[in-house]
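Chemist: Provided below for reference: sequence and predicted model.
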Amino acid sequence: MHRRSRVSCSNFYQKSLTASRFRSCEVPLHFPAFLCRYHYNVANTRVEQHVEKGNDDGLYISSVACCQELWALIMDAGTGFSAQVYNLSNQFLPKEWIMEKWEEGFYITGMAGSMTGSSLVVMSKGTPYTQQSYKVRGRPALALRCT
């Protein structure tokens with residue numbers, strides 16, 4: 001089901017937390033060329049499909065969340081990112097993968113965790129960051145520092 005509206009992506013995200021079915025929408029925000037798409041109630045096995053479709057349409061992930069082991073993704077064309085990778089893992093914040101991507105010039109631009117300890121980490125190029133670190137202080141407390 002597709003709908004068009006003039007509401008912001010954050011309003012869509014709020015609606016997604018209480019919805020019971022998957023939806024994907026394209027939303028012109030301030031002008032028609034700026035599109036935002038959201039997906040929610042997405043199972044682990046379907047995340048890749050939604051991200052690839054969004055990337056094919058010139059969209060990057062701008063926000064992620066998890067509720068009851070289902071993922072919510074917001075993708076838009078106005079992020080300013082030049083490249084993006086993500087890791088959906090049963091390991092909470094996979095340190096080796098994050099370190100490898102930092103070495104390649106990516107920075108963490110989104111992350112979410114589930115109650116079972118899995119996480120979705122999104123890293124992007126084209127961010128304003130020049131340094132970044134994170135520290136896990138006991139689950140689920142996390143500190144992310146960007147400069």
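Modeler: All right, it came through fine. What you see is a predicted model, and the numbers here were worked out from it, not measured in a lab. Numbers count the residues shown, from 1 in each chain.
Chemist: Show me where the chain dips below the pLDDT cut-off.
Modeler: Scanning the chain for pLDDT under 70 picks out 1-34, 138-147.
Chemist: Quick one: the helices in it, in order.
Modeler: 9-18, 44-56, 95-103 (DSSP state H).
Chemist: And stretch 107-117, what's buried?
Modeler: Within stretch 107-117, the residues that count as buried by 16 or more other CB atoms under 10 Å are 107-114. Backbone N, C-alpha and C define where each C-beta goes, glycine included.
Chemist: JSON lines please, covering the residues you listed and showing distance to Ile74.
Modeler: Below are the buried residues of stretch 107-117 laid out as JSON lines (distance: CB to CB, whole Å):
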{"residue": "Tyr107", "distance to Ile74": "18"}
{"residue": "Ile108", "distance to Ile74": "16"}
{"residue": "Thr109", "distance to Ile74": "12"}
{"residue": "Gly110", "distance to Ile74": "9"}
{"residue": "Met111", "distance to Ile74": "13"}
{"residue": "Ala112", "distance to Ile74": "11"}
{"residue": "Gly113", "distance to Ile74": "17"}
{"residue": "Ser114", "distance to Ile74": "17"}
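Chemist: Show only the entries of these found in strands.
Modeler: 107-113 (DSSP state E).
Chemist: Of the residues you listed, which is the nearest to Tyr40?
Modeler: Nearest to Tyr40 among those, counting by CB to CB, is Ala112 at 11.9 Å.
Chemist: Please look at the closest one and Val64 and confirm they touch.
Modeler: Yes. Contact status for Ala112 versus Val64: in contact at 4.4 Å, counting by CB atoms under 8 Å.
Chemist: wait, Phe92 sits on Met115?
Modeler: No. Phe92 is not in contact with Met115 according to CB under 8 Å; the separation is 11.0 Å.
Chemist: how about stretch 124-131: buried residues?
Modeler: Those would be 124, 127, for stretch 124-131 by 16+ other CB under 10 Å.
Chemist: List the contacts of the closest residue to Ser118 other than its chain neighbours.
Modeler: Spatial nearest neighbour of Ser118, excluding adjacent residues (CB to CB, 6 or more residues apart in numbering): Asn90 at 4.9 Å. Counting by CB atoms under 8 Å, 6 or more residues apart in numbering, Asn90 makes contact with 116-118.
Chemist: Cool, thanks, signing off.
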